[in-house]
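Peer 1: just to be clear, the model below is a prediction. Sequence and coordinates:
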Amino acid sequence: TAGGVPGRAEDGDPVMPATTSFQKSTLREYFESIVIAVILIIAAIAIPRLLRSRMLANETSAVASLRTLCTVQVTYESTYQVGYAPSFAALGPPPVGVAPSAGSAGLIDAVLVGGIKSGYVITYNPVDSNGDAQVDTFTITAAPLSPGQTGNRYFFVDLSNVIRFNNGAPATLASTPIPP
């Protein structure tokens, strides 16, 4: 102490008692624990929202894929006059250097031909109801690849181009239509 005044430095400022390295370490660990707790709380709030928005994006992509597939079916039927496509492959890209044909019309990309897109399995069901070897109607369904993780809703569409959905179980013709 300066000038015989206890607790005062020479310039008159109070002198802080010396802290031990143990106290500094404990204080630093305490603040680190608080920072980690805050980060965990933020993550607990943000991660479920992120997963929900990813599932919603996957569901939106599935609906868009069904709309595209219905539209290209009409294009296929009017272009080739052989009924609707017998498979996704018939709607897909032709080999390099080969012109589009009824066997590979080039109306959808290879991802849709593969039947899995954005966490959904898309299944095409062609129907030849009159036995003339031409597809005269069809249904297409989209189911989450991992229900509860890649999506919650199942989708269905047929020649009417009305997309229907069901939560937690496969959608059918009797399921609720999605508003246009």
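Peer 2: It's in. Numbering: from 1, shown residues only.

Peer 1: let me know the average pLDDT across the helix or strand harbouring residue 31.
Peer 2: Using DSSP states H and E, residue 31 sits in helix 21-80. Mean per-residue pLDDT for helix 21-80: 86.

Peer 1: check the offset of it from the chain's centre.
Peer 2: 9 Å (CA atoms, centre = their mean, to the nearest Å).

Peer 1: how about stretch 134-154?
Peer 2: Taking mean C-alpha positions (CA atoms, centre = their mean), stretch 134-154 and its chain are 14 Å apart.

Peer 1: list the buried residues of that stretch.
Peer 2: Neighbour counts over stretch 134-154 (16 or more other CB atoms under 10 Å) mark 135, 137-144, 150-154 as buried. All C-beta spots, glycine's among them, are computed from the backbone N, C-alpha and C.

Peer 1: hey, C-alpha coordinates of it in PDB?
Peer 2: Backbone C-alpha positions of stretch 134-154 (Å, rounded to 0.1, in the frame of the first residue of the first chain) are rendered in PDB as follows:
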ATOM      1  CA  GLN A 134     -51.600 -49.400 -74.500                       C
ATOM      2  CA  VAL A 135     -51.700 -47.700 -71.200                       C
ATOM      3  CA  ASP A 136     -55.000 -45.800 -71.000                       C
ATOM      4  CA  THR A 137     -54.800 -44.600 -67.400                       C
ATOM      5  CA  PHE A 138     -52.200 -44.500 -64.500                       C
ATOM      6  CA  THR A 139     -51.600 -43.700 -60.900                       C
ATOM      7  CA  ILE A 140     -48.500 -42.200 -59.400                       C
ATOM      8  CA  THR A 141     -47.600 -42.300 -55.700                       C
ATOM      9  CA  ALA A 142     -44.900 -40.600 -53.700                       C
ATOM     10  CA  ALA A 143     -44.000 -42.000 -50.300                       C
ATOM     11  CA  PRO A 144     -41.300 -40.700 -47.900                       C
ATOM     12  CA  LEU A 145     -38.100 -42.700 -48.100                       C
ATOM     13  CA  SER A 146     -37.800 -42.500 -44.300                       C
ATOM     14  CA  PRO A 147     -41.200 -41.500 -42.800                       C
ATOM     15  CA  GLY A 148     -40.900 -38.900 -40.100                       C
ATOM     16  CA  GLN A 149     -37.400 -37.900 -41.400                       C
ATOM     17  CA  THR A 150     -37.700 -37.100 -45.100                       C
ATOM     18  CA  GLY A 151     -41.400 -36.300 -45.000                       C
ATOM     19  CA  ASN A 152     -44.700 -37.100 -43.200                       C
ATOM     20  CA  ARG A 153     -47.200 -36.900 -46.000                       C
ATOM     21  CA  TYR A 154     -47.900 -39.500 -48.700                       C
END
